[in-house]
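**Student:** model the structure of this input:
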Amino acid sequence: MASAAAKQAPKIVSKASAGGAGAAGAGGGPPIMPLASPLMGKKKKPFLGMPAPLGYVPGLGRGATGFTTRSDIGPARDANDPVDDRHAPPGKRTVGDQMKKNQDDDDEDLNDTNYDEFNGYAGSLFSSGPYEKDDEEADAIYAALDKRMDERRKERRELREKEEIEKYRMERPKIQQQFSDLKRKLAEVSEEEWLSIPEVGDARNKRQRNPRYEKLTPVPDSFFSKHLQTGENHTTVDPLQGLGGLNTPYPGSMTPGLMTPGTGELDMRKIGQARNTLMDMRLSQVSDSVSGQTVVDPKGYLTDLNSMIPTHGGDISDIKKARLLLKSVRETNPHHPPAWIASARLEEVTGKLQVARNLIMKGTEMCPKSEDVWLEAARLQPGDTAKAVVAQAVRHLPQSVRIYIRAAELETDVRAKKRVLRKALENVSKSVRLWKTAVELEEPEDARIMLSRAVECCPTSVELWLALARLETYENARRVLNKARENIPTDRHIWITAAKLEEANGNTQMVDKIIDRAITSLRANGVEINREQWIQDAEECDKAGSVATCQAVIRAVIGIGIEEEDRKHTWMEDADSCVAHGALECARAIYAHALQVFPSKKSVWLRAAYFEKNHGTRESLEALLQRAVAHCPKAEVLWLMGAKSKWLAEDVPAARSILALAFQANPNSEEIWLAAVKLESENNEYERARRLLAKARSSAPTARVSVCEKESGTSTFPITNSREGYCSFYNLSIFLRFRLEVFLHLETVSTHPVFMKSVKLEWVLGNIEAAQELCTEALKHYEDFPKLWMMRGQIEEQCENMDKAREAYNQGLKKCPHSVPLWLLLSRLEERVGQLTRARAILEKARLKNPQSPELWLESVRLEFRAGLKNIANTLMAKALQECPNSGILWAEAVFLEARPQRKTKSVDALKKCEHDPHVLLAVAKLFWSERKITKAREWFLRTVKIEPDLGDAWALFYKFELQHGTEEQQEEVRKRCENAEPRHGELWCAESKHVLNWQKKTGEILAQVASKIKNTF
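**Tutor:** Next comes the predicted model:
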């Protein structure tokens, strides 16, 4: 029944029209029963609005197939058809690619390989869902948290990355860094040496290695004309062909230009015109088109032209882009002044000065209220045109200070400048800059009048008030400064100037009052007293010669803002800072104040005494020391400094009286005993010195800590071939053991320095037997004191008793096995007598007893080097640097053990290991000296003596250097600085200063003697 109905339905629909089937198939539902009568058609069909049954095709029963639209079957494109986007990237150029991409985007990759236990899946599981506002807020919060956490870790992360990179660079340097020293030497290679380097295929490129300069000679025009005529070709038709012989000239012969019609000659006139035209074009680019005067250097205009006009293709393209960009900026915002200025400067750089002027003048029309545009226009315009531009700018900007200043600068006559500035002050009377510029052009009297008016117009300008006070008389200046304080109650410079004024007029008692009132007034007006600023003002007063003002300022502010327990340390730092800045009176005032607060501090007195010794006079030093010993009578060093000052002034009786007073304050002081002995011996009072030493040996003080501390002091006995650093001969373990014995016994015994001084005195005076007896007596009491054994052995060496000297050294080493100088003396003794093997064995034994001793390693290296065994010396040096990697004396020796090409690299390694070691710095200075780099060598010598002024070898080498390459003033300066430093260390220095024949020589004499024995064989 249903099938019959389905068959009858198309017949009814087909009676309507051919398009009915399509319409029914598209939207109408099929009838479920036939129409029984016409009355039923008037009612609403029951199947309307209902969906068609599954598989229903309208018209299929009557043979109508209908039609199919594009919406039924999808897009009419194949998977391989191209998309509409012509410039689609690879992977998106076909329909199939885009469909695959959309399918991949929809399907999430939920594979196990894409899953992480901490982060989950790599993609978002909810990417297909809607992205709402709360999702956006959550993402913003998480992003802010991530940014905050990243900022917290950023500093540490960057620091760690920087350290890792530096460590990596140090461990694995680049090839470029390894060959940097060789690359630097390429700068010294001349062009001839570079061209003479042989290349691959030497026989075939001889012309390239030895080029000959080609000589180019301009060819005259007659040559071209002659050869042009001889080289003419004519093509003619054979007359036998019967055409009458038509002559055909060669192509181009009738072309106008270089050739004249009908001839083969060059047109010289047009060539000359072309040359002149090209020259005019080039000259016009750098000429002054306004004034008509050229600014071209006739000798070097091509060079100037190349420097102005870019020749590189990339530069020209960049300029075109910049010009286009600036044009767009000007058209978009024509009232933007920087666009016009940048455009004008671009054209100026490219050499188009007139275009730049036109642009900037148009900019003044578009931006008439811009100072920068007017100033740029005035700069670009020449001469009188610039004045006219400035005048126009003044009409638009009558309150512009910069334009008035520019107008004054354009004037060449002083009167015209004054007239412009006075006109400017009429319009802008509140400008301090205009007033200062105008006052600078006036005479003192006229300047005073102008400043009187200036302070009325600008009452808050401190500079104008102070300038007026300088030009006024004393009474008027006081009134001016008082009025300035009323107008500006918060400025300290007015008060300081008032104090300087009183000091300059001899009223010094008012200086302290003014500074105190300044501090009180400024605090009352809410001004914070900045201690550092006031100290800087005091330094400026010191440099200006206002000593009383500077001292008053220091006294007023030195204690502000400092804790009580930090006062001493802070004040000493302030004094050192003032000395470094050259403000000596400020430093003296700080020391004076510190001594008032701490009158019993020995360290403060010492600092002040050393300051007066270096920067003051002898009278000021002695006056300070008198006050010092009155407050600190137990400070032996202060007594000794006073006695030495008198002795250097050749006032021996005064020095003796000071030492006598020192004895009363410090009974039986060993330091004072030895100072008295030295004073008498230096003045040839040998008998008196002997009596003092005998009395000291018999009535020396009980054992004290100061006696023990003496053992670490500088030795004063001669040591042949002694080395730098031998002053601290006493090993730490022996030092502590001796100190313990002293405190355990606590009996009245004479100390070894007294015995040592006694032996030394007899030795230098030639009384060898007496010296030996005293040495034997001293060794009975102090057999573990290595200096006495050394002196005994050296006395025997001087007497040519090598066996007794060897015995003395061996006995001393049994008692003092850790004394490095004793081992060195014994080794040198064996080397001197020819026992090289025994000397080598002694040094090996010494290294076993005293591991990590750079002096012993250095002596072993030098022993092999002196024996001619350089390979063994280099091997020992490598072992020494492994055991003592931070030893400066070893690195300094290693530099000169290398061949000359490797010395610079070795010196760099030495500086990395021992950056501030004086021996390494001295080795670098010697290296520059050997390379004849005088300036660098002098800098490194100065650096060495600054770091270690007690190293005598550095002073001697520096003096030798100046004797060869310096002036007399430089030589004298080195000598004076050495005498002030009084060096006591150094291998070469100690070998001369401690020799028995040089015991009375001064520092300057020893310096000259050591320098004379130096041979720059390095």
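**Student:** drop to CA atoms for contacts and neighbour counts, all remaining ones
**Tutor:** Fine.
**Student:** buried residues in the longest helix along the chain, which are they?
**Tutor:** The single longest helix within the chain, with elements called by DSSP state H, is helix 133-171. When burial is assessed from 16 or more other CA atoms under 10 Å, helix 133-171 yields no buried residues.
**Student:** next: stretch 47-66.
**Tutor:** 52, 57, 58, 59, 61, 66.
**Student:** same thing with stretch 418-437?
**Tutor:** 418, 420-422, 424-425, 428-432, 434-436.
**Student:** before we move on, the earlier item: could you dump the buried residues of stretch 47-66 to JSON lines with secondary structure, pLDDT and distance to residue 464?
**Tutor:** Shown next, in JSON lines, are the buried residues of stretch 47-66 (DSSP: H, G, I helix; E, B strand; the rest coil; pLDDT from 0 to 100; distance: CA to CA, whole Å):
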{"residue": "52", "secondary structure": "coil", "pLDDT": "78", "distance to residue 464": "104"}
{"residue": "57", "secondary structure": "coil", "pLDDT": "73", "distance to residue 464": "107"}
{"residue": "58", "secondary structure": "coil", "pLDDT": "74", "distance to residue 464": "108"}
{"residue": "59", "secondary structure": "coil", "pLDDT": "72", "distance to residue 464": "111"}
{"residue": "61", "secondary structure": "coil", "pLDDT": "72", "distance to residue 464": "116"}
{"residue": "66", "secondary structure": "coil", "pLDDT": "59", "distance to residue 464": "106"}
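**Student:** and the buried residues of stretch 418-437, which is closest to residue 608?
**Tutor:** Among these, residue 436 lies closest to residue 608 (CA to CA), at 44.3 Å.
**Student:** which pLDDT value goes with that closest one?
**Tutor:** What the model reports for residue 436 is a pLDDT of 84.
**Student:** quick one, strands of the protein?
**Tutor:** Assigned by DSSP state E, the chain shows strands spanning 115-116, 120-121, 235-236, 247-248.
**Student:** could you tell me the least trusted of those?
**Tutor:** strand 247-248 (a mean of 42).
**Student:** excluding its backbone neighbours, what's nearest residue 971?
**Tutor:** With CA to CA, 6 or more residues apart in numbering as the criterion, residue 971 has its nearest non-adjacent residue at 5.5 Å, and that residue is residue 962.
**Student:** cool, and residue 422?
**Tutor:** residue 438 (7.5 Å).
**Student:** mind putting the buried residues of stretch 418-437 in a markdown table, distance to residue 922 included?
**Tutor:** Formatted as a markdown table, the buried residues of stretch 418-437 follow (distance: CA to CA, whole Å):
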| residue | distance to residue 922 |
| --- | --- |
| 418 | 61 |
| 420 | 63 |
| 421 | 61 |
| 422 | 64 |
| 424 | 63 |
| 425 | 63 |
| 428 | 64 |
| 429 | 64 |
| 430 | 62 |
| 431 | 58 |
| 432 | 56 |
| 434 | 57 |
| 435 | 57 |
| 436 | 53 |
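**Student:** which ones among those residues are found in helices?
**Tutor:** Counting by DSSP H, the buried residues of stretch 418-437 contribute 418, 420, 421, 422, 424, 425, 432, 434, 435, 436 to helices.
**Student:** could you pull up the residues touching the third one?
**Tutor:** Residues near residue 421 by CA atoms under 8 Å, 6 or more residues apart in numbering: 404, 405, 408, 434, 437, 438.
**Student:** again with the first one
**Tutor:** For residue 418, the set of contacting residues under the criterion of CA under 8 Å, 6+ apart consists of 408, 438, 441.
**Student:** roughly how far apart are it and residue 375?
**Tutor:** Using CA to CA, to the nearest Å, residue 418 is found at 20 Å from residue 375.
**Student:** of all the buried residues of stretch 418-437, which two lie farthest apart?
**Tutor:** 418 and 430, at 17.3 Å, using CA to CA across these.
**Student:** what sits against residue 605?
**Tutor:** Residues in contact with residue 605 (CA under 8 Å, 6+ apart) are 595, 628.
**Student:** again, 7 Å this time
**Tutor:** residue 628 (CA atoms under 7 Å, 6 or more residues apart in numbering).
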